[in-house]
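Quick one, fold the following:
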Amino acid sequence: MTRTRPFAIALVAILALGTASLAHAQKDTTHPYTGAVTGTITALDAAAKTLTVKGANDDGGVFTVNADTQVMNDAKAIKFGALKKGWGVVVNWDYASVESKSKVAKLIEVTDAP
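Below you'll find the predicted structure:
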């Protein structure tokens, strides 16, 4: 009897802590999905601040660039306007909102600049 009581108390405490963490978990509805694509720049629109990338697996798409987007060539930060059609890039992105499904580029890394 004396050994089972501390075990039971410990078991109840572990279960309570486990379920407490689940009760406070919240789903991030502002950025529910992020992704990355590796591909080639097929179009740039400086006025609309968009870039279109065609990935190797027919993934990619149109990405919006904003003030928070970082553009890197090797270890050097460059301007969005320095990108060129035909360059290879990796784009890390997330959705602007759940409803719009528009992709916002967070980081654009040049992988191949002929």
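
ok, and the closest non-adjacent residue to the spatially most central residue of the chain?
Geometric centre of the chain, nearest residue: Thr34, 3.2 Å, by Cα atoms, centre = their mean. By the measure of Cβ to Cβ, 6 or more residues apart in numbering, the closest residue to Thr34 outside its immediate chain neighbours is Asp94, 4.1 Å from it. Bear in mind the C-beta positions are built from the backbone N, C-alpha and C, glycine included.

who does the helix or strand encompassing that neighbour touch, helix- and strand-wise?
Following DSSP states H and E, the helix or strand that holds Asp94 is strand 88-95. Other helices and strands packing on strand 88-95, by 3 or more Cβ pairs under 8 Å, 6 or more residues apart in numbering; DSSP states H and E, are strand 34-45, strand 50-55, strand 60-64, strand 103-112.

Could you rerun that using 7 Å?
Using 3 or more Cβ pairs under 7 Å, 6 or more residues apart in numbering; DSSP states H and E as the contact definition, the elements that strand 88-95 packs against are strand 34-45, strand 103-112.

Mind listing the strands it pairs with, and their directions?
Strands flanking strand 88-95 in the sheet, each with its direction: strand 34-45 (antiparallel), strand 103-112 (antiparallel) (DSSP bridges).

The shortest one: how far from the chain's middle?
A distance of 11 Å separates the centroid of the chain from that of strand 103-112, by Cα atoms, centre = their mean, to the nearest Å.

Using PDB, write out every CA atom in that strand.
Included here for strand 103-112 are C-alpha records, laid out as PDB according to Å, rounded to 0.1, in the frame of the first residue of the first chain:
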ATOM      1  CA  LYS A 103       2.600  33.600 -51.100                       C
ATOM      2  CA  VAL A 104       4.800  36.200 -49.500                       C
ATOM      3  CA  ALA A 105       8.600  35.700 -49.900                       C
ATOM      4  CA  LYS A 106      10.500  35.900 -46.600                       C
ATOM      5  CA  LEU A 107      13.900  35.000 -48.000                       C
ATOM      6  CA  ILE A 108      15.200  34.800 -51.500                       C
ATOM      7  CA  GLU A 109      18.600  33.200 -51.900                       C
ATOM      8  CA  VAL A 110      20.400  33.300 -55.300                       C
ATOM      9  CA  THR A 111      21.800  29.800 -56.100                       C
ATOM     10  CA  ASP A 112      22.900  30.400 -59.700                       C
END
